[in-house]
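Participant: Have a look at this prediction, sequence included:
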Amino acid sequence: MASDSLVKSRTHESIPESDLQQLIREGIQLLQYVARHGDLTIDPEIAQGIYRAKYRIDTRHWSVEDETLLLQCYDRLAKQVYPVTVESIKAVVPDTKDGKLELPGASRVITWYRRYTVLTLIFLLIVQMYYLFGYALTQNLLTSAGSTDAFNSPMPPDMEANYQLLRNWNHIWLGGRNIPLDAERTANEDSPVEYSANLIAAQSVLQMLQNYILPLMYGLLGAFIFVLRSLLQQVRTLTYTASREVGYRLRLTLGCLAGMITGWLLKPEMGDMALSPMALAFIAGYSIEVLFTLLDRLIDGIRRQPDSAPEASSTGRAPD
């Protein structure tokens, strides 16, 4: 008995017994995946090697040859099912623990991204509607001011209504307060200074929303949708792993940055509410690689210009 235990301990020096048992358990999980997958076929030699190890590991017949065969069978099986791994199967397929069904990690991740995608979309719609309403009010006031002397005669009813609505519109981003102005010069609510201050402040906020806030949010929304589509594809193919979560979180940050860059590079005039900058911000957030590839090419083109200038001057010089 003592000699059997000594032989068994020596054969397990390369890999601890717990690791071998885990390897067998994972190999059986991969075999079950192959059996359920219609496009794959179980290799009899691989299945025989893994199940042979399962029934011989706790007996005195276990040897180094059995351990080597187990590692070879597991290696061949892992290559057959790649990119599916044991980690991805555990992350996607529900597991039963203590008689209770546990949700896999992929389900929780999808729920998190789905929730914040909807919240981002709702917040974006609110900001977009707020922007469009303020933009319409400022345009109406500018058009009315161009055709009417608003300061030397009473305001027309429609212009007065637009101005009151604009003041209420400004109260939202001011937190319910009024624009701080000199009390002596703005004793009258409809004074020229009060009117111009509200109009200028509204135009500034609209420009900030159009050039910065909205592109950032469109880029974030595009990144969220890309992550959700990627998760759907990976869950369908059982290739999702927890390590991908870091890349997805970075993708959201880069999506915001891509949207901001689009807002900086494409700044339409205040009078234009062109959809293309917002659409490009969304596309930049969805496909970050395209934006950064264009930026890399632009930088490479700028770097090559100083090198090509001396060559052009030397080739254009006439011989003596």
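Facilitator: It's in.
Participant: Just the residues contacting stretch 126-135, thanks.
Facilitator: With contacts defined as CB atoms under 8 Å, 6 or more residues apart in numbering, stretch 126-135 is touched by Leu166, Trp169, Ile172, Ala202, Val205, Leu206, Leu209, Gln210, Ile213, Leu214, Met217, Met273. The C-beta positions use only the backbone N, C-alpha and C, and glycine is treated the same way.
Participant: Then stretch 244-261?
Facilitator: With CB under 8 Å, 6+ apart as the test, stretch 244-261 has contacts from 109, 113, 212, 215-220, 222-224, 226-227, 230-231, 234, 281-282, 284-286, 288, 291-292, 295.
Participant: list the contacts for Ala53?
Facilitator: Leu20, Ile24, Gly27, Asp66, Glu67, Leu69, Leu70, Cys73.
Participant: Repeat the analysis, applying 10 Å as the threshold.
Facilitator: Listed by CB atoms under 10 Å, 6 or more residues apart in numbering, the contact set of Ala53 reads 20-21, 23-24, 27-28, 62, 66-67, 69-71, 73-74.
Participant: can you give me the offset of the strand or helix carrying it from its chain's centre?
Facilitator: Element membership of Ala53, judged by DSSP states H and E, is helix 44-56. How far helix 44-56 lies from its chain's middle: 43 Å, per CA atoms, centre = their mean, to the nearest Å.
Participant: now stretch 228-237
Facilitator: So, by CA atoms, centre = their mean, the centroid of stretch 228-237 is 14 Å from its chain's centroid.
Participant: Buried residues, the helix holding Ala53. List them.
Facilitator: The neighbour-count criterion (16 or more other CB atoms under 10 Å) identifies Ile46, Ala47, Gly49, Ile50, Ala53 as the buried residues of helix 44-56.
Participant: quick one: pLDDT of the last one?
Facilitator: The pLDDT attached to Ala53 in the predicted structure is 89.
Participant: nearest spatial neighbour of it, skipping sequence neighbours?
Facilitator: Leu70 (4.2 Å; CB to CB, 6 or more residues apart in numbering).
Participant: Which ones among the contacts of stretch 244-261 lie within helices?
Facilitator: In helices, defined here by DSSP state H, the members of those are 109, 113, 215-220, 222-224, 226-227, 230-231, 234, 281-282, 284-286, 288, 291-292, 295.
Participant: returning to that earlier point: please save the CA atoms from the helix holding Ala53 in CSV.
Facilitator: Extracted in CSV, the C-alpha atoms of helix 44-56 (Å, rounded to 0.1, in the frame of the first residue of the first chain):
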residue,chain,number,x,y,z
PRO,A,44,-13.3,8.8,-30.7
GLU,A,45,-9.6,8.9,-29.7
ILE,A,46,-10.0,12.2,-27.9
ALA,A,47,-13.2,11.1,-26.1
GLN,A,48,-11.6,7.8,-25.1
GLY,A,49,-8.5,9.5,-23.8
ILE,A,50,-10.4,12.0,-21.6
TYR,A,51,-12.9,9.4,-20.2
ARG,A,52,-10.1,6.9,-19.6
ALA,A,53,-8.4,9.5,-17.5
LYS,A,54,-11.6,10.2,-15.6
TYR,A,55,-12.0,6.6,-14.5
ARG,A,56,-8.3,5.8,-13.9
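Participant: if we can go back for a sec, counting neighbours, what do you get for the residue nearest to Ala53?
Facilitator: The local packing of Leu70 (other CB atoms under 10 Å) involves 23 other residues.
Participant: Using ChimeraX, define a selection of the buried residues within the contacts of Ala53.
Facilitator: Buried residues among the contacts of Ala53 (16+ other CB under 10 Å), as a ChimeraX selection:
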select :20,23,24,27,62,66,67,69,70,71,73,74
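Participant: pretty sure Ser119 belongs to a helix, no?
Facilitator: Wrong residue type there; residue 119 is Leu, not Ser. Yes. Assigned with DSSP: H, G, I helix; E, B strand; the rest coil, Leu119 falls within a helix.
Participant: Now do it against Ile110, distance only.
Facilitator: Computed as CB to CB, to the nearest Å, the Leu119 to Ile110 distance reads 15 Å.
Participant: Between these two, which has more neighbouring residues?
Facilitator: Ile110 (17 against 11).
Participant: ok, which stretches of the chain are strands?
Facilitator: Using DSSP state E, the strands of the chain run over residues 95-97, 100-102.
Participant: ok, back up a step: neighbour-wise, which one of the contacts of stretch 126-135 leads?
Facilitator: Met217 (25 neighbours).
Participant: Mind checking which of the contacts of Ala53 land in helices?
Facilitator: Per DSSP H, the subset of those in helices is 20-21, 23-24, 27-28, 66-67, 69-71, 73-74.
Participant: Noted, bye for now.
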